[in-house]
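A.B. asks: Predicted model and sequence below, questions to follow.
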Amino acid sequence: MPRVKRATIAAEILRRRAIADACFPKQREPVDGCLVRGERQVAILTSRRGGKTQSTLRTVCKDAAEHPGGKYAYIGLSRVTAENIVWTELEDINDQHNIGLDMQGYRLRANFPNKAQLTLYGADQPGWLKKFKGAKYRGVVIDEAGEFDIDLHDFIYRVIRPCLSDQRGFLMLIGTPGIITNGYWWAITRPDDENRAKGWNLYNWHTFDNPFMKEQFEEDIAGLKEIFGDGLEELPWFRREWLGEWCTDTSNNVYKYSPDRNNVKEWEREVDDTYILAVDPGYKDAAGFVVGVYNKRKNDKLVFIDCHREVGMQMEDMANKVMELKKKYDIKQIIGDPDSAHFLAMMREVYHTPISDAKKIKKQENVEYMNNSLVAGRVQFLMPSCIEYGKEILELKKKFLKADERTEGGVTLGEWKEHPKQPNDLCDCGLYIHREALHHLHTEPAPTVEHGSSEYYEQLEDKLQQQATGRLRGDERWWRSL
C-alpha cells in the first residue's frame with residue numbers, strides 16, 4: 001500500500017477517534033456502550049448542563065463515519081428546541097473535527113460525506129409519528145424522554161424498535177428527572193435499580209462531572225443559596241434540575257394527589273357509564289379540556305380518562321375540540337367556565353351543544369372535598385392519557401398570604417390562594433367535574449345468601465317474626481312484606 005494512502009487512512013482513523021476522545025470520562029461511557037460494547041438500548045440521566053446531548057451527538061457522528069449510507073434520527077420536544085440547541089451543538093462538533101457535514105438547516109438534516117444522514121425532528125410537528133413507519137435507522141435519539149405526552153413504552157416498542165431491526169441499530173434516551181414518578185422514563189431510570197425496567201443500560205452523572213461547566217455551575221448554585229438559604233437542597237425543583245435526583249414534594253400542594261395511589265393504567269368501558277366534559281376556555285392562558293367518567297352501579301370511583309391543554313386556541317378550534325371529545329365518548333353532560341360566556345353561548349347557538357355553566361362558588365371548600373376523595377382513592381387518573389393533568393396537579397402549589405386583620409380582594413390575609421404563576425386549567429376542569437359527578441351515590445349491593453344455608457333460614461325466621469309482630473300491632477301494611 002502506498003505510504004501516502006497509509007498516512008491518509010491513519011489520519012482518518014485518528015479523526016474518528018477524536019470525536020469520542022473529546023468526551024469527558026462520564027460522557028464517554030454511553031458512547032462506548034453503544035459503539036464498543038454493542039448496547040442497543042441506552043438511557044442517560046443527568047442534571048441540567050451535564051453534557052448528555054454532546055454524548056449522543058458524538059455517538060451518532062462516530063457511528064455514521066463508519067457506516068456509509070446509515071440513517072439517524074434525533075427527536076426533540078419541539079422543532080425550535082431541536083434547532084436552537086441540538087443543531088448548534090452539531091455545528092460545533094462538525095467544525096471541531098472537520099467532519100464535512102452538508103448541513104441543510106431548513107430541513108434540519110445533516111448529510112455526511114459517505115452519504116450517512118442525521119435528521120432532527122420536533123414532536124410538535126404535525127404527523128411526526130408517521131414519519132417513522134417503514135423507515136430504517138442505524139440510530140435514534142429521544143431527547144427529554146420524560147417530558148413526552150405520548151405512551152413512551154408503546155412508541156419505543158411499536159414504532160422505533162422495528163426501525164432499528166434491519167441494521168441492529170441503537171436507541172438512546174436522554175433527560176432529567178421528571179415531576180411525576182410514573183411512566184416509562186421513571187421505570188427506566190428510577191433510583192432503586194432492582195425495580196427498573198429490564199433491557200436498558202443506564203448512565204448517570206452530575207454536571208460537576210462536566211469539566212466545561214463545573215465552575216459556572218458551582219457559581220450559580222452559590223448564588224441560589226444566597227437567595228434560598230440553607231434549605232435550597234431540600235427544594236424539589238432544585239434536586240431534580242440541579243442535582244439530577246428524582247424527587248416529589250406534595251407538602252404545599254393544593255391537591256392531595258399521589259401518583260402511586262391515584263393513577264391507573266387500565267379502565268373498562270361500560271354501557272351505562274356517565275361522562276362529563278369540562279372546558280376552561282383560554283387564549284393567552286391555555287384552554288383546558290378534561291373528560292371524567294363514573295358508574296355509580298359499578299363502584300364509587302370518578303376516573304379522569306382524557307385531557308387536552310393548548311395555548312392560542314381560537315374559538316372555532318376550541319369548539320371543534322369539544323365536538324371531537326363529545327363524539328369520541330358519547331358525552332351528554334358538558335360544563336364550561338361561566339366567565340367565558342361568549343364561548344358558552346357560541347357552543348349553544350352555533351353548535352347546538354348542551355353546555356351549561358360550571359359552579360365556581362366556594363372553591364376552597366370544593367378543593368377540600370375533592371382532596372378527601374383523592375386521599376380515599378375515589379378519584380383516579382388514567383395514564384398516560386392524563387399525564388398532562390397529572391403534571392399540573394402535582395405542581396400546583398399554595399401561595400400563602402401574610403396573616404392580618406385586613407382583607408384584600410375578598411380574601412382574608414393569612415389564607416392561601418393558588419399560585420398565580422402556575423397553570424391550573426386542567427385542575428379547574430377536574431374540580432368542576434368532581435362537583436357534578438354522582439359517583440359517591442354508589443352503594444354496595446346486599447350480600448346474597450345461599451338458599452338452604454343456616455344464614456338463609458335465619459333471615460327467613462327474622463322476616464316471619466317481623467310479619468307476626470306487625471299483625472299484633474295492628475299494622476295494616478304487614479301484608480306488603482309477604
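C.D. replies: Noted; the coordinates are in hand.
A.B. asks: Go ahead and confirm Pro384 touches Asp151.
C.D. replies: Yes. At 4.8 Å, Pro384 and Asp151 qualify as touching, with contact defined as C-beta atoms under 8 Å. C-beta coordinates here come from the backbone N, C-alpha and C atoms, glycine included.
A.B. asks: my guess is Lys417 is in a helix, correct?
C.D. replies: No. Applying DSSP: H, G, I helix; E, B strand; the rest coil, one finds Lys417 to be strand, outside a helix.
A.B. asks: List the beta-bridge partners for it.
C.D. replies: When assigned by DSSP bridges, Lys417 has beta-bridge partners Lys399.
A.B. asks: can you list the domains in the protein?
C.D. replies: Under the assignment automatic domain parsing, the domains of the chain span 3-214, 259-441, 451-482.
A.B. asks: Need these in JSON lines (columns: mean pLDDT, mean neighbour count and distance to Gly244).
C.D. replies: Formatted as JSON lines, the domains of the chain follow (pLDDT from 0 to 100; neighbours: other C-beta atoms under 10 Å; distance: least, C-beta to C-beta, whole Å):
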{"stretch": "domain 3-214", "mean pLDDT": "86", "mean neighbour count": "17", "distance to Gly244": "4"}
{"stretch": "domain 259-441", "mean pLDDT": "87", "mean neighbour count": "17", "distance to Gly244": "19"}
{"stretch": "domain 451-482", "mean pLDDT": "65", "mean neighbour count": "11", "distance to Gly244": "60"}
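A.B. asks: Redo the ones you listed as CSV? Include distance to Lys225.
C.D. replies: Shown next, in CSV, are the domains of the chain (distance: least, C-beta to C-beta, whole Å):
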stretch, distance to Lys225
domain 3-214, 15
domain 259-441, 21
domain 451-482, 68
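A.B. asks: Relative to Asn253, which of those is closest?
C.D. replies: Closest of these to Asn253 is domain 259-441, at 6.3 Å (criterion: C-beta to C-beta).
A.B. asks: Please state the offset of that closest one from the chain centre?
C.D. replies: 17 Å (C-alpha atoms, centre = their mean, to the nearest Å).
A.B. asks: try stretch 68-83
C.D. replies: That offset, for stretch 68-83, works out to 21 Å (C-alpha atoms, centre = their mean).
A.B. asks: quick revisit: tell me which of the domains of the chain sits nearest to Gly229.
C.D. replies: Gly229 sits nearest to domain 259-441 of all these, at 17.5 Å, using C-beta to C-beta.
A.B. asks: Now the terminal residues of that closest one, how far apart.
C.D. replies: Using C-alpha to C-alpha, to the nearest Å, the end-to-end distance of domain 259-441 comes out at 25 Å.
A.B. asks: List the residues that contact the residue nearest to Ala287 when sequence neighbours are not counted.
C.D. replies: Nearest non-adjacent residue to Ala287, counting by C-beta to C-beta, 6 or more residues apart in numbering: Met313, 4.6 Å away. By C-beta atoms under 8 Å, 6 or more residues apart in numbering, the contact list for Met313 reads Pro281, Gly282, Tyr283, Ala287, Lys321.
A.B. asks: Look up how far Leu129 lies from the spatially most central residue of the chain.
C.D. replies: With distances taken as C-alpha atoms, centre = their mean, Ile387 lies nearest the centre of the chain, 3.9 Å away. Going from Ile387 to Leu129 by C-beta to C-beta, to the nearest Å gives 16 Å.
A.B. asks: Tell me which stretches of the stretch 251-400 of the chain form strands.
C.D. replies: 263-264, 274-280, 287-294, 302-310, 333-336, 355-357, 379-382, 398-400 (DSSP state E, counting those that start in this stretch).
A.B. asks: and those as JSON lines, adding distance to Glu66?
C.D. replies: Listed next are these as JSON lines, based on distance: least, C-beta to C-beta, whole Å:
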{"stretch": "strand 263-264", "distance to Glu66": "44"}
{"stretch": "strand 274-280", "distance to Glu66": "53"}
{"stretch": "strand 287-294", "distance to Glu66": "48"}
{"stretch": "strand 302-310", "distance to Glu66": "43"}
{"stretch": "strand 333-336", "distance to Glu66": "58"}
{"stretch": "strand 355-357", "distance to Glu66": "60"}
{"stretch": "strand 379-382", "distance to Glu66": "45"}
{"stretch": "strand 398-400", "distance to Glu66": "55"}
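A.B. asks: give me every residue that touches Leu394.
C.D. replies: Ile179, Ile180, Thr248, Thr250, Asn253, Tyr257, Pro259.
A.B. asks: So which of the residues you listed belong to helices?
C.D. replies: Among these, the members found in helices (DSSP state H) are Pro259.
A.B. asks: from the contacts of Leu394, which is closest to Leu344?
C.D. replies: The closest of the contacts of Leu394 to Leu344 turns out to be Tyr257 (C-beta to C-beta; 28.1 Å).
A.B. asks: Go ahead and confirm that closest one touches Lys391.
C.D. replies: No. Here Tyr257 lies out of contact with Lys391, judged by C-beta under 8 Å, at a distance of 10.6 Å.
A.B. asks: burial count for Glu450?
C.D. replies: Using other C-beta atoms under 10 Å, Glu450 is surrounded by 8 other residues.
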